[in-house]
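Participant: no FASTA, just this:
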């Protein structure tokens, strides 16, 4: 089966392309660096010719409110139109658990806009919402840093490994659900604590201070429901955070 992975040169995209090829699929890795651009349409028609499934794991190069909205709206519109013309039968999109609860953030408003465009198209779809990646904990700390202090709320999270994200996406390729699927890590932990453990593991001297008024990625207020699956039906991945820290962080 021919599958096109939009964002195929990124963190998740590279892993997903490799997983699908190992299963014997014909896979096109698509990104601007590879000559396929969903914003301009460059190479899109050729890439989608004969494709049965498109998996969109792309992300905006800018998180500024206007830029990120323009990216997801333009990219998704262009992609869905090209899929319709090519006869693609399944659109799979990677999204984020809690998107609908984090709309103070321009990024999550853009992700919601992306989801709505997918739902309103005539192409069968699966939206796979996943929790925060272990690999982005360092970025969470960076954004929350003031001097040598990292201010974060002590809210529940259920993060997961990028490898597990890519593995989960493979399992949702075959059949559209025409709805939203949630995937999360095996452990619920506090946001301030996962960052504290990360800094300890990396020998970082910054101190994590719990501040329940602090914003998530400096853009959205969060609580114990914001960053975890909305019900008890989420798929649970296998890699534990402390195991990942011990094997992945130098």
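Facilitator: Cool, got the structure. This is a predicted model, so every value here is computed, not measured.

Participant: ok, the residue nearest to residue 9 when sequence neighbours are not counted - contacts?
Facilitator: Leaving aside its sequence neighbours, residue 9 sits nearest to residue 31 (Cβ to Cβ, 6 or more residues apart in numbering; 4.2 Å). Placement of C-beta: from N, CA and C, glycine included. The contact partners of residue 31, by Cβ atoms under 8 Å, 6 or more residues apart in numbering, come to 6, 7, 8, 9, 10, 13, 58.

Participant: give me the subset of those residues lying in helices.
Facilitator: Per DSSP state H, helices hold the following members of those: residue 13.

Participant: between the contacts of residue 31, which is closest to residue 43?
Facilitator: Closest to residue 43 out of these is residue 6 (11.3 Å), distances taken as Cβ to Cβ.

Participant: my read is that the closest one contacts residue 59, right?
Facilitator: No: with contacts counted by Cβ atoms under 8 Å, residue 6 stays clear of residue 59, the gap being 10.2 Å.

Participant: which one's more surrounded, these two?
Facilitator: residue 6 (27 against 18; other Cβ atoms under 10 Å).

Participant: just the pLDDT for the more buried one.
Facilitator: For residue 6, the pLDDT comes out at 98.

Participant: ok, and the closest non-adjacent residue to it?
Facilitator: Nearest non-adjacent residue to residue 6, counting by Cβ to Cβ, 6+ apart: residue 56, 4.4 Å away.

Participant: how much space separates that neighbour from residue 198?
Facilitator: Going from residue 56 to residue 198 by Cβ to Cβ, to the nearest Å gives 29 Å.

Participant: those two: which is more packed in?
Facilitator: Each of residue 56 and residue 198 has its neighbours counted (other Cβ under 10 Å); residue 56 has more, 27 against 20.

Participant: ranges for the strands of the protein?
Facilitator: For the chain, the strands defined by DSSP state E cover 2-6, 26-30, 53-56, 90-96, 125-130, 145-146, 149-152, 156-157, 180-184, 189-190, 207-210, 235-236.
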